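Visitor: I would like to see how this sequence folds:
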Amino acid sequence: MSDTLTTPCQRRTPVPPTDVRALGRLVGTWRVRDSAEGAVTYEWLEGGFFLLKRVDLVRDGETIRGIEVIGHEQPHGGDGGGEIRSRYYDNAGHTLDYVYELEGDTLTVWTGEKGSSAYYRGVFSIDGTTLTGRWVHPGGYGYDASAIRIGGPPETREAIAAVCGLSRK
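Guide: Now for the predicted structure:
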């Protein structure tokens, strides 16, 4: 459910949910390494209710380009809430659904539904510049998937420093 602010005119201004705002740690451009090479960029959709993810990778010689929209499902006139969900679309015509969860410094992304046997789990470094993790799939198949932040708006880096209690020198 979204929080609301009341303005002097007594209009209710919707505020993005706290759990979605926490994913702001992803905002910026990340260099992906390990099983694929390339870049992934996260940015807020105006309003801050949804993150947009843009993917530009090469894996096993294949170019993968895609977009993903991440946030709460919220029907018109309804309240958002529940799990943070996403839908991914790529240049090969695939559509994939995910559920996101951020607990402390650990990001988990389940394929399909929360608790799925196919998922990504990664941990942010204390300074927020790396995300080190692994995709796990049924049958023991999986692969490392780590990323290093190579760009992001200065306010994002400042916010990370503030959340982590780091001093900026």
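
Visitor: need the residues that contact stretch 129-145.
Guide: 30, 32, 34-36, 107, 117-125, 146-149 (CB atoms under 8 Å, 6 or more residues apart in numbering). All C-beta spots, glycine's among them, are computed from the backbone N, C-alpha and C.

Visitor: go on, stretch 114-126?
Guide: For stretch 114-126, contacts defined as CB under 8 Å, 6+ apart pick out 25, 83, 99, 101, 105-112, 130-138, 145-147, 164, 166.

Visitor: of the contacts of stretch 129-145, which belong to strands?
Guide: Among these, the members falling in strands (DSSP state E) are 30, 32, 34, 107, 119-124, 146-149.

Visitor: filter the residues you listed to the buried ones?
Guide: Buried by 16 or more other CB atoms under 10 Å: Trp30, Val32, Leu107, Tyr119, Tyr120, Gly122, Phe124, Ser146, Ala147, Arg149, out of the ones in strands among the contacts of stretch 129-145.

Visitor: and of those, the nearest to Thr13?
Guide: Leu107 (28.7 Å; CB to CB).

Visitor: correct me if wrong: the closest one contacts Tyr100.
Guide: Yes: look at Leu107 against Tyr100 with CB atoms under 8 Å: they come within range, at 7.3 Å.

Visitor: out of the buried ones among the ones in strands among the contacts of stretch 129-145, which one sits closest to Arg21?
Guide: Using CB to CB, these come closest to Arg21 at Leu107, 14.4 Å.

Visitor: who's in contact with the closest one?
Guide: Counting by CB under 8 Å, 6+ apart, Leu107 has contacts Leu26, Tyr100, Glu101, Tyr120, Arg121, Gly122, Val123, Phe124, Leu131, Gly133.
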